[in-house]
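In: fold the following and give me the result.
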Amino acid sequence: MGIQRKPKASMQAAEDAFIQGAPDAQPEPHVVRYEKGIKKGNKRQISLTISPELLQRVDEVAKRTGQARAAVINLAIYKALEGDIFKTDL
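Out: Residues are numbered from 1 along each chain as shown. Just a heads-up that it's a prediction; the model follows:
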């Protein structure tokens, strides 16, 4: 058994197009296509610069709640965007 090379991205795109072209293929309306950041599974990796004081507070919350740092940051961003902090109709 030899070592196989990773398929080229263009081959993957062609395979995806072939599969989506099948008569029984279901469209995925809930999937959002956004190309910024580095793809990591179903998510995107970004770079974030944060003050040491704020990072310490995030880490304290993560430790206290048993969550990962990324989970705490994601939840905070979600809550801020879903709340009224950034509403434009002021």
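In: could you pull out the strands in the protein for me?
Out: Counting by DSSP state E, one finds strands in the chain at the ranges 38-40, 43-45.
In: ranking the ones you listed by burial, who's on top?
Out: Among those, ranked by average contacts under mean count of other Cβ atoms under 10 Å, first place goes to strand 43-45 (a mean of 11). Backbone N, C-alpha and C define where each C-beta goes, glycine included.
In: from the contact counts, what lies against it?
Out: strand 38-40 (3 or more Cβ pairs under 8 Å, 6 or more residues apart in numbering; DSSP states H and E).
In: starting at the chain centroid, how far to the strand it packs on?
Out: 7 Å (Cα atoms, centre = their mean, to the nearest Å).
In: where does the chain dip in pLDDT?
Out: 1, 6-10, 25-32, 89-90 (pLDDT under 70).
In: how about a cut-off of 90?
Out: In the predicted model of the chain, residues 1-44, 82-90 satisfy pLDDT under 90.
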